[in-house]
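# no sequence on hand, only this structure:
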């Protein structure tokens, strides 16, 4: 068995990332983040052009979403004796991502959203109990794609272009944390 590891000759990228944390009142904490990313394969070595990609200069880099955001809000209410009750809502967004240098549609991960909720009790001592719902709206998405063959799914040595790592379905649970 043999393996070839190499890079495209030149790629460029620029972006902006912003993180905010705001507490308008003592009980409320709001956190938000956002990122914008612009990437491009600028040049591919001639000797590797057929091995790495098929005319991919000008394409976006893989696994690099143009936009991603998150928003989290937590309300914490003291209930006495150092204990708190809290409720949290979270939202995550990721723009589409390509799975390889050819930016093939068959393995492009579409954009996705996920919303989670948590309701908890913090004893103020050494334990916390949290009820949660993750992927509350049961959004179906894939977290990643694999670009293994060409645009016609040929020449992949038995592998095809595909999406992998499906989202977990809506999941509800109860978690107990005990510190000792």
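The structure has been received and is ready for your questions. Quick caveat: nothing in here was measured; it's all calculated off a predicted structure. Numbers count the residues shown, from 1 in each chain.
# SS state for residue 106?
helix (DSSP: H, G, I helix; E, B strand; the rest coil).
# which residue packs closest to residue 61, ignoring adjacent ones?
Spatial nearest neighbour of residue 61, excluding adjacent residues (Cβ to Cβ, 6 or more residues apart in numbering): residue 39 at 3.9 Å. C-beta: built from backbone N, CA, C; applies to glycine.
# what about that neighbour, how many neighbours?
Using other Cβ atoms under 10 Å as the criterion, residue 39 is surrounded by 19 other residues.
# pLDDT weak spots in the chain?
Under the criterion pLDDT under 70, the flagged ranges of the chain are 1-7, 48-52, 149-161.
# how does it look with 80?
Within the chain, the stretches with pLDDT under 80 are 1-9, 45-55, 144-164.
# please enumerate the strands of it.
For the chain, the strands defined by DSSP state E cover 10-22, 28-43, 67-80, 83-94, 112-122, 127-134, 142-146, 162-166, 171-178.
# next, format those as TSV and append distance to residue 103.
Compiled in TSV, the strands of the chain are given as follows (distance: least, Cβ to Cβ, whole Å):
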stretch	distance to residue 103
strand 10-22	13
strand 28-43	9
strand 67-80	17
strand 83-94	17
strand 112-122	18
strand 127-134	31
strand 142-146	10
strand 162-166	14
strand 171-178	32
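# quick one, which of the ones you listed is nearest to residue 57?
Closest approach to residue 57 among the strands of the chain is made by strand 28-43 (5.6 Å; Cβ to Cβ).
# pull the residues that contact the closest one.
Contact with strand 28-43 is made by 8-24, 53, 56-61, 64-76, 101, as judged by Cβ atoms under 8 Å, 6 or more residues apart in numbering.
# parallel or antiparallel, list what pairs with that strand.
Strand 28-43 has the following strand partners under DSSP bridges: strand 10-22 (antiparallel), strand 67-80 (antiparallel).
# and among those, the most buried is which?
Across the strands paired with strand 28-43, averaging neighbours per residue (mean count of other Cβ atoms under 10 Å) puts strand 67-80 on top, at a mean of 14.
# so residue 86 bridges to which residues?
Beta-bridge pairing for residue 86 (DSSP bridges): residue 76, residue 120.
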